[in-house]
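*Asks:* sequence first, predicted coordinates after that:
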Amino acid sequence: MDDYRDINRANWDERAPAHATSPDYNVQGFIDDPGHISHVVRFDRPLLGDVGGLRGVHLQCHIGTDTVSLSRLGARMTGLDFSPVSIEQARSLVARTRDDVNYVQSDVYDAVPALGGEQFDLVFTGIGALCWLPSISRWAATASALLKPGGRLFIREGHPMLWSLTDARPDGLLVVDFPYFERTEATVWDEGGTYVETDAVFTANTTYSWNHGLGEIVMALQAEGLQLAGLVEHDSVPWEALPGQMTKDDRGEWRLTDRPWRLPASYTLQAVKPEP
């Protein structure tokens, strides 16, 4: 297999400028209003709690809007992403908003040396991150190494059940067509669009992804010595993951139009690194 990182990086490099100008990311809102925070972080706030004064790192931060949002809630944030174009867009954002956020370009598996061995009070990972990684165990080791004793890992992510469904059924049935559990083989996609509103046309359209079962994620974290502190499944996600089958609610979240209680669409997981 070709190096998945190079292929996926080309995809994200091409899409980052389109995302930065899309109304869905609302970069202008961050520039105009110093109190503005992203929809994703706004949804997270009841479970995230008070992050004021915490030293945090946002893994796979993309163009940095969630990182800035956490900074605006009082955390001292660093964002990390493997796409140089995404990092360029993130740095451009804070240059205009004057938010005190540092951004580092690195593959997530290389985050520990890239961040100089620093440990953090908060490790944050948002929607649509883990599916690009072939090994959840290797990711869990990275997250654990980045946490101080007493530090907290916070994830809100698309549910592995959602990732296993096909969205191409004209009859609207929910059909499991892709792996639920982690497999060595990647699922290879060739898709020309993206998940936000944009008129941009893309050429780097191949991506490699992997699913990771919820149990696999929990057990990988426990194997690294982290203790589960919370796990909440949600029936919604912040984008129309199954086009034509979902309805947007008044919070800006998308859930199944027909009996949304059938599908766990995303989850929030928290884990802590025990004190010695």
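*Replies:* Right, received. Where do you want to start?
*Asks:* and residue 199, how many neighbours?
*Replies:* Other residues near residue 199 number 7, with proximity taken as other Cβ atoms under 10 Å. From N, CA and C alone the C-beta is placed, and that goes for glycine too.
*Asks:* and residue 183, by the same measure?
*Replies:* Residues within reach of residue 183, counting by other Cβ under 10 Å, total 13.
*Asks:* so it touches residue 210, yeah?
*Replies:* Yes: with contacts defined as Cβ atoms under 8 Å, residue 183 counts as touching residue 210 at a distance of 6.9 Å.
*Asks:* adjacent strands (with direction) for the strand ranked longest in the chain?
*Replies:* Ordering each strand of the chain by length in residues (DSSP state E) puts strand 147-158 first. If you go by DSSP bridges, strand 147-158 pairs up with strand 120-125 (parallel), strand 266-272 (antiparallel).
*Asks:* now, of these, which is deepest in the fold?
*Replies:* Among those, judged by mean count of other Cβ atoms under 10 Å, the one packed with the most neighbours on average is strand 120-125 (a mean of 23).
*Asks:* can you give me the helices for this protein?
*Replies:* With DSSP state H, the ranges of helices along the chain come out as 4-20, 27-32, 39-48, 65-72, 84-97, 111-114, 136-146, 160-163, 214-223.
*Asks:* tell me which of those sits most buried.
*Replies:* Using mean count of other Cβ under 10 Å, the stretch among the helices of the chain with the largest mean neighbour count is helix 65-72, at a mean of 26.
*Asks:* how near is residue 88 to residue 78?
*Replies:* As judged by Cβ to Cβ, to the nearest Å, residue 88 and residue 78 stand 16 Å apart.
*Asks:* follow-up on the earlier one: to residue 103, which of the helices of the chain lies closest?
*Replies:* helix 84-97 (4.7 Å; Cβ to Cβ).
*Asks:* residue 69 against residue 37, yeah?
*Replies:* Yes: using Cβ under 8 Å, residue 69 makes contact with residue 37 at a distance of 3.8 Å.
*Asks:* residue contacts, the nearest residue to residue 247 once chain neighbours are set aside?
*Replies:* For residue 247, ignoring the flanking residues on the chain, the nearest one in space by Cβ to Cβ, 6 or more residues apart in numbering is residue 257 at 4.5 Å. Under the criterion of Cβ atoms under 8 Å, 6 or more residues apart in numbering, the neighbours of residue 257 are 245-247.
*Asks:* same question for residue 71.
*Replies:* Contact criterion Cβ under 8 Å, 6+ apart gives 77, 99-101 as the residues in contact with residue 71.
*Asks:* so how far is residue 97 from it?
*Replies:* From residue 71 across to residue 97, the span is 10 Å (Cβ to Cβ).
*Asks:* list only buried entries from the contacts of residue 71.
*Replies:* With burial judged by 16 or more other Cβ atoms under 10 Å, the buried subset of those is 77, 99, 101.
*Asks:* between those, which sits nearest residue 271?
*Replies:* residue 77 (19.3 Å).
*Asks:* against residue 116, how distant is the spatially closest residue to the closest one that is not a sequence neighbour?
*Replies:* Among residues not flanking residue 77 along the chain, residue 71 sits closest, at 4.4 Å (Cβ to Cβ, 6+ apart). For residue 71, the distance to residue 116 (Cβ to Cβ) stands at 20 Å.
*Asks:* residues touching the closest residue to residue 14 other than its chain neighbours, list them.
*Replies:* If the residues on either side of it in the chain are set aside, residue 14 comes closest to residue 204, at 4.6 Å by Cβ to Cβ, 6+ apart. Taking Cβ under 8 Å, 6+ apart as the criterion, residue 204 is in contact with 10-11, 13-14.
*Asks:* rerun that using 10 Å as the cut-off
*Replies:* Going by Cβ atoms under 10 Å, 6 or more residues apart in numbering, residue 204 touches 7-15, 192.
*Asks:* list the contacts of the residue nearest to residue 20 when sequence neighbours are not counted.
*Replies:* With Cβ to Cβ, 6+ apart as the measure, residue 89 is the residue that lies nearest to residue 20, at 4.5 Å, once sequence neighbours are left out. If a contact means Cβ under 10 Å, 6+ apart, then residue 89 has 16-17, 19-21, 25, 27, 62-65, 81, 83, 103 as its contacts.
*Asks:* give me that answer again for 6 Å
*Replies:* In this structure, residue 89 makes contact with 16, 20, 63, judged by Cβ atoms under 6 Å, 6 or more residues apart in numbering.
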